[in-house]
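# Quick one: sequence plus predicted model below, questions after.
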Amino acid sequence: MAQAKHIAIVGATGAVGEEMLACLAERNFPMGELTLLASARSAGQKRTFRGEEITIQELTHDSFIGIDVALFSAGGGISLEYGPSAAAAGCVVIDNSSAFRMDPDVPLVVPEINPEAARSAPKKIIANPNCTTIISLMALYPLHKKFGLQSIIASSYQAVSGSGAAGIAELEAQTKAIANGEEITADMINCYPKQIASNVIPHVDVFLEGGYTKEEQKMLHESRKILGLPELKVTCTCVRVPVYRSHSVSITAIFDNPVDVKEAQAVFADYPGIQLKDDAENEVYPTPLDTTCKDDCLVGRIRKDQVLKNALAIWVVGDQVRKGAALNAVQIAEIL
Ligand code: A2P
């Protein structure tokens, strides 16, 4: 029987923090105590966990004494400032931000893919990968084992909850205004560079040199690190869409070996965390509503790419607040 742990959630009032609380409650996690941390603005608020009321405390550098594992989801700045204090206090940090992901001494873990990496964390910090990367690799890893992954060409359709509570509020306010026949004014556009309601925005995170965004380059660098494929080629267009929850990704994956659709479908038969929903004749394929608030990712529309050799076109959907963030972090805590 695993020893009951004292867990903390940093950013407990955020979209991902709230989901971490839900995942911990639902799963048979060997929990001793739970500490909820957020900014001074939220200190004193209460949350209920397994029937018990817990008061949210203000995050400080002294918050981590006696805590075994801290799940961080309060943004990269908070992780950089408080993650090392937590590790110095003897706590293992599981960080949902991008702050430490590419540090060679910080493992980047998807438990269904590289769980062994979590056992070697010299800085006592383990990084949770980017949400679009996790969801894409959940579908690509079983195919990689079968056919040998060489390159990825992808377009994402990313939900607003990926931007936290502010993204959800912005889509809600704009949708309401449109329904009431009101104009979308400049003061209603804060979270995204353009109106998100009735629109799609090919711009997630900041632009880097070469015209790609940081989100798109996360797919390249994080996929290489998680899969242990330093030569993997990835080109990606990340798009924000007016969907509240669950990211979708359209992927062309090029393999070393010849592919076969039936064999590709078969690899998902009993793979943990991903299910096949693929029957084009009967219009069966996954959509974001199918994975919302669910643990498993869904894959469908598997077909041979008509342009490239040894390539498959696939469509994968997953709840990015859950498997793309909170659930993945809790699963990492479970394997420690
Ligand atoms: P708070 O609600 O007190 O601001 P989201 O990604 O959904 O916007 O959530 C961000 C999370 O990060 C929230 O829980 C938020 O708490 C927390 N947070 C933001 N700034 C700080 C801070 N300075 N100290 C601690 N937690 C913070």
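Arrived safely. Numbering: from 1, shown residues only.

# confidence score at residue 29?
Here the pLDDT value assigned to residue 29 is 88.

# how about it, secondary structure?
Under DSSP: H, G, I helix; E, B strand; the rest coil, residue 29 falls in the coil class.

# Pull the contacting residues for it.
7, 330, 333-334 (Cβ atoms under 8 Å, 6 or more residues apart in numbering). All C-beta atoms are positioned from the backbone trio N, CA, C, and that covers glycine.

# Go through those residues and say which is closest to the ligand.
Nearest to the ligand among the contacts of residue 29, counting by Cβ to the nearest ligand atom, is residue 7 at 15.6 Å.

# tell me which element the closest one falls in.
Counting by DSSP states H and E, the element that carries residue 7 is strand 5-10.

# buried residues in that strand?
For strand 5-10, burial by neighbour count (16 or more other Cβ atoms under 10 Å) applies to 5-10.

# Including pLDDT and distance to the ligand, could these go into a markdown table?
Shown next, in a markdown table, are those (pLDDT from 0 to 100; distance: Cβ to the nearest ligand atom, whole Å):
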| residue | pLDDT | distance to the ligand |
| --- | --- | --- |
| 5 | 94 | 21 |
| 6 | 97 | 19 |
| 7 | 98 | 16 |
| 8 | 98 | 12 |
| 9 | 98 | 9 |
| 10 | 98 | 6 |
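
# what about residue 174, neighbour count?
By other Cβ atoms under 10 Å, the residues close to residue 174 number 22.

# Skip the chain neighbours and tell me the closest residue to it.
Nearest non-adjacent residue to residue 174, counting by Cβ to Cβ, 6 or more residues apart in numbering: residue 197, 3.6 Å away.

# ok, the one you found to residue 72 distance?
According to Cβ to Cβ, to the nearest Å, residue 197 and residue 72 sit 31 Å apart.

# Looking at these two now, which is surrounded by more residues?
Counted by other Cβ under 10 Å, residue 197 and residue 72 do not tie: residue 72 has more neighbours, with 31 against 18.

# partner residues bridging that one?
Going by DSSP bridges, residue 72 is paired in beta bridges with residue 10, residue 95.

# picking that back up, contacting residues around the strand holding residue 7?
17, 20-21, 24, 29-38, 59, 63-64, 66-74, 78, 82, 86, 91, 333.

# give me the number of residues near the residue in the chain that the ligand sits nearest to?
Proximity of the chain to the ligand (Cβ to the nearest ligand atom) peaks at residue 14, 2.2 Å away. Residues lying near residue 14 (other Cβ under 10 Å) number 24.

# try residue 109
Look at residue 109: counted by other Cβ under 10 Å, it has 27 neighbours.

# Strands along the stretch 201-336 of the chain, start to end?
Under the criterion DSSP state E, counting those that start in this stretch, strands of the stretch 201-336 of the chain are mapped to 233-240, 247-255, 274-276, 297-304, 311-318.

# And stretch 34-43, what's buried?
34-38, 42.

# cool, stretch 235-255 as well?
Neighbour counts over stretch 235-255 (16+ other Cβ under 10 Å) mark 236-255 as buried.

# what about it and the ligand, touching?
No - judged by Cβ under 6 Å from any ligand atom, stretch 235-255 stays clear of the ligand, getting no closer than 12.8 Å.

# Output that stretch as CSV, restricted to C-alpha atoms.
Taking C-alpha atoms only, stretch 235-255 is exported to CSV below (Å, rounded to 0.1, in the frame of the first residue of the first chain):
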residue,chain,number,x,y,z
THR,A,235,5.6,21.4,-38.6
CYS,A,236,2.4,22.7,-37.0
THR,A,237,-0.2,25.4,-37.2
CYS,A,238,-2.0,26.0,-33.9
VAL,A,239,-5.4,27.6,-34.1
ARG,A,240,-7.7,28.9,-31.4
VAL,A,241,-11.4,28.1,-32.0
PRO,A,242,-14.6,29.1,-30.3
VAL,A,243,-15.0,25.8,-28.5
TYR,A,244,-15.1,25.9,-24.7
ARG,A,245,-13.3,22.6,-24.0
SER,A,246,-11.3,19.9,-25.7
HIS,A,247,-8.6,20.4,-28.3
SER,A,248,-8.7,18.6,-31.6
VAL,A,249,-5.7,18.0,-33.8
SER,A,250,-5.6,17.0,-37.5
ILE,A,251,-2.3,15.2,-38.1
THR,A,252,-0.4,13.7,-41.1
ALA,A,253,2.1,11.4,-39.6
ILE,A,254,4.9,10.0,-41.8
PHE,A,255,6.5,6.7,-40.8
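
# overlap between the contacts of strand 5-10 and the residues near the ligand?
Among the contacts of strand 5-10, the ligand is touched by 17, 38, 59, 74, 78 when using Cβ under 6 Å from any ligand atom.

# List the ones among these that fall in helices.
Among those, the ones falling in helices (DSSP state H) are 17, 78.

# ChimeraX command for the buried members of the ones next to the ligand among the contacts of strand 5-10?
Of those, the buried ones can be selected in ChimeraX as follows, counting by 16+ other Cβ under 10 Å:
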select :17,38,59,74,78
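
# Next, the angle strand 297-304 makes with the top helix by length along the chain.
As assigned by DSSP H, the longest helix anywhere in the chain is helix 131-147. Put simply, helix 131-147 runs at 50 degrees to strand 297-304, going by axes from the mean of the first three to the mean of the last three Cα atoms, to 10 degrees.
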